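S.K.: got a sequence here, can you build the structure:
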Amino acid sequence: MNIDRDALTRELLDMVAEEGMVDRAELAVEKPLEELDIQSADFIMILMAIEERYGAYVSMDNELTDVVTVQDLLDLAITKIEEHQSEKTAEA
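M.R.: The predicted structure follows:
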């Protein structure tokens, strides 16, 4: 199954804006998450929303240590979603 990365990126940005309580217009991919004032509780909500919608689990521990910008978060989420999709395909 091929994933439309552009559509997925838009969906994820919408999700980050909603769950992180950030204005969608402020979500430039190069922007550091710290500048958006996304708190750790908001992060948990974002990751839970990703898992609920796409079935992809992102660990709060080690995997988020390198996430600095919005793009870093998107890249991590997309990678996890793609891994999950390929696992589902392999099981079928």
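
S.K.: kindly list the longest helix within this protein.
M.R.: For the chain, the longest helix by residue count, based on DSSP state H, is helix 70-91.

S.K.: okay, buried residues for it please.
M.R.: Neighbour counts over helix 70-91 (16 or more other CB atoms under 10 Å) mark 70, 72, 73, 74, 76, 77, 78, 80, 81, 82, 84, 85 as buried. For every residue, glycine as well, the C-beta is placed using N, CA and C.

S.K.: so what's the third one closest to, chain neighbours aside?
M.R.: The one in question is residue 73. residue 67 (5.2 Å; CB to CB, 6 or more residues apart in numbering).

S.K.: so that neighbour sits against residue 79, correct?
M.R.: No: Residue 67 lies out of contact with residue 79 (CB atoms under 8 Å); the separation is 11.6 Å.

S.K.: what ranges does the protein have for its helices?
M.R.: Secondary structure of the chain (DSSP H): helices located at 5-19, 40-54, 70-91.

S.K.: so which of those helices is nearest residue 31?
M.R.: helix 70-91 (5.3 Å; CB to CB).

S.K.: residues contacting the residue nearest in space to the middle of the chain?
M.R.: In the chain, the centroid-proximal residue (CA atoms, centre = their mean) is residue 77; its distance is 3.9 Å. Residues in contact with residue 77, defined by CB atoms under 8 Å, 6 or more residues apart in numbering, are 12, 50, 56, 58.

S.K.: surely residue 29 and residue 70 touch.
M.R.: Yes: if you go by CB under 8 Å, residue 29 and residue 70 touch, sitting 5.0 Å apart.

S.K.: pLDDT below threshold where in this protein?
M.R.: Applying pLDDT under 70 to the chain flags the ranges 1-2.

S.K.: please name the nearest non-neighbouring residue to residue 24.
M.R.: Nearest to residue 24 is residue 17, by CB to CB, 6+ apart, at 4.0 Å.
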